[in-house]
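**Student:** whatever this is, show me its structure:
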Amino acid sequence: MKNKTNILLVDDDEIYLYLMEKSIQKLTADLVVNSFTDGAQAIEFITEQTQKGLELPEVILLDINMPFLDGWGFLAEFKKLKPKLESHINIYMISSSSREEDMKRASSFEELTGYMVKPLKEHELTEIFKKAYNDNW
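**Tutor:** The predicted structure follows:
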């Protein structure tokens, strides 16, 4: 990758956020990681970035269960924002839930690029980045 690019982590578990940031830093120095503990903060960030004409994240790793605005609520709000976005954002729902109903519900959101169960392994994170950055990884 030539330029630093943004990635968004949205999860209410601050220890998980810390570990994910460390895992990403271990893989590459080419990503700027922004973390939020609920979906409302992340939607606000994307809205502000869009209004100011600033770079949007290319990848969002999103948890389901969070206070205030959970992963499902984030996706509903993101759907409203999507027409205003100039670039595609790869959103992966990363959850501790392997329940079939959650996976089925996730598949109904065209905004989602994928659904993965925590904890992510290093090779899974690498695959996400390879897909998002067109093997320019």
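**Student:** what residue ranges in the chain score low on pLDDT?
**Tutor:** Counting by pLDDT under 70, the chain shows low-confidence ranges at 1-4, 135-137.
**Student:** can you rerun that using 90?
**Tutor:** Residues of the chain meeting the criterion pLDDT under 90: 1-6, 27-31, 67, 86-87, 97-98, 130-137.
**Student:** would you confirm that Thr113 contacts Ile94?
**Tutor:** No. Between Thr113 and Ile94 there is no contact under Cβ atoms under 8 Å: 11.3 Å. Where C-beta positions appear, they are placed from N, C-alpha and C, glycine not excepted.
**Student:** let me know the secondary structure of the residue nearest in space to the middle of the chain.
**Tutor:** In the chain, the centroid-proximal residue (Cα atoms, centre = their mean) is Ile60; its distance is 1.4 Å. Look at Ile60: counting by DSSP: H, G, I helix; E, B strand; the rest coil, its state is strand.
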